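>>> the following block contains a protein sequence and its predicted model.
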Amino acid sequence: MFTDNMITFCIAGHCNTKQKVNQAVELINAIKEKYPNEIISYCSHYPVDPKIQELTNYSFYDSNNIISNVDYADKLSKIYHQTFWHIPYNGYHLVKSIPHQCFAHHLNWYTQSTVMQNNKSQVFFFINTDCEHTIFEQFDKHIEYHCNRHFDALFYNFFVGDKEINGEFFSMSLKGVQKLILSMK
């Protein structure tokens, strides 16, 4: 279906505890097992653990990302909407409601995309370190939609128990990365 180095996995997280480091390492190892020849990039607004650096092709520490290193929701985050990407399609924009820590992840994905757009990848997966491995069932389907049906962006709703978390996993073609992620303001 695809050739080596056609996919880039862009992982964002803030591994500031041993448990979070282990969770990220498990996620990276699971990706490497399923896709051993693809590119894995990790970016954090918290210093990157050496174990994660060893397992990834690229690791980035964005010390200029001033967003909170804490997962929390408050009154503002429940009602606030931010337009991240300006999609020039019939005047529509993708608008997502997000908790505070998702700002940091989106900035992490922007940082990775700035560098990763120059490799030969045609499909980019954007994943948080706390994604459950059930998302792997969607990877091949996303690849098929990008490569054979020429979709530029696909989104997958991520649930923890019965609670949906917005925007935890999505994929884009190279064109989608350039038009959407890299247009973030």
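That came in fine, so what should we check first?
>>> and residue 56, how far is that from residue 129?
Using CB to CB, to the nearest Å, one obtains 12 Å as the distance from residue 56 to residue 129. In this view, the C-beta of every residue, glycine as well, is placed from N, C-alpha and C.
>>> ignore what I typed, I meant residue 113.
From residue 113 across to residue 129, the span is 17 Å (CB to CB).
>>> cool, residue 123 as well?
Separation of residue 123 from residue 129 (CB to CB) stands at 20 Å.
>>> give me the more crowded residue out of the two.
Just comparing residue 123 and residue 129: by other CB atoms under 10 Å the higher neighbour count belongs to residue 123, 24 against 21.
>>> ok, residue 50 - how many residues close by?
Neighbour number of residue 50 under other CB under 10 Å is 10.
>>> please apply the same query to residue 25.
By other CB under 10 Å, the burial measure for residue 25, its neighbour count, is 17.
>>> roughly how far apart are residue 113 and residue 144?
22 Å.
>>> between the two, which is the more surrounded one?
Per other CB under 10 Å, whichever of residue 113 and residue 144 has more neighbours is residue 113, with 23 against 14.
>>> output stretch 173-181 in PDB, but only the C-alpha positions, please.
Provided in PDB are the C-alpha atoms of stretch 173-181 (Å, rounded to 0.1, in the frame of the first residue of the first chain):
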ATOM      1  CA  SER A 173      -1.700  14.500   3.400                       C
ATOM      2  CA  LEU A 174       1.300  16.600   2.700                       C
ATOM      3  CA  LYS A 175      -1.000  19.200   1.000                       C
ATOM      4  CA  GLY A 176      -3.200  19.200   4.100                       C
ATOM      5  CA  VAL A 177      -0.200  19.800   6.400                       C
ATOM      6  CA  GLN A 178       0.900  22.700   4.200                       C
ATOM      7  CA  LYS A 179      -2.600  24.200   3.800                       C
ATOM      8  CA  LEU A 180      -3.900  23.600   7.300                       C
ATOM      9  CA  ILE A 181      -1.400  23.000  10.100                       C
END
